[in-house]
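Colleague: using only what follows, build the 3D model:
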Amino acid sequence: MLRSFYPVGGDEFMTIEQVQQTLRRSRASIYRYVNTSHETINPPFDPQRLNPEHRQSRRQPLLFHPNEVARFARDVMGMTTLQVELKTIPPNPTDDLLQEILGELKHIREILERLEK
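Modeller: Residues are numbered from 1 along each chain as shown. Below is the predicted model of the structure:
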């Protein structure tokens, strides 16, 4: 039986390190399983590979949806028990400040849009 545990939000993605810990494989092994290509940034879905989320550029890190990691473990690796856990990082002062700045910018934008009308 495949057991998966997801965070409340459900929109969290997993990094290579988290996939490595979940599947209990080496980093090199995970990279061998990943569906990547030198020709295209986002190759088409391959059911025999671990498919990352779509990226805008090659500089963006590879991220994986927990459902995709669970599917890969079950269908390709034959794992019957898998625990996918994403731990949320507690907010730090920088994140709080950035959220406040974002809120202020949104407020300024609303005011400017009202003035244009």
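Colleague: L105 and E116, how far apart?
Modeller: Noted for L105: a distance of 16 Å to E116, by Cβ to Cβ, to the nearest Å. Glycine gets a C-beta too; all of them are placed from N, C-alpha and C.
Colleague: of these two, which one has the most company?
Modeller: Higher neighbour count among L105 and E116: L105, with 10 against 6, using other Cβ atoms under 10 Å.
Colleague: give me the buried positions along the strand or helix carrying the more buried one.
Modeller: For L105, the host element (DSSP states H and E) is helix 93-116. Judged by neighbour count (16 or more other Cβ atoms under 10 Å), helix 93-116 contains no buried residues.
Colleague: ok, residues contacting it?
Modeller: For helix 93-116, contacts defined as Cβ atoms under 8 Å, 6 or more residues apart in numbering pick out no residues.
Colleague: tell me how the chain divides into domains.
Modeller: Following automatic domain parsing, one gets these domains for the chain: 16-76, 91-117.
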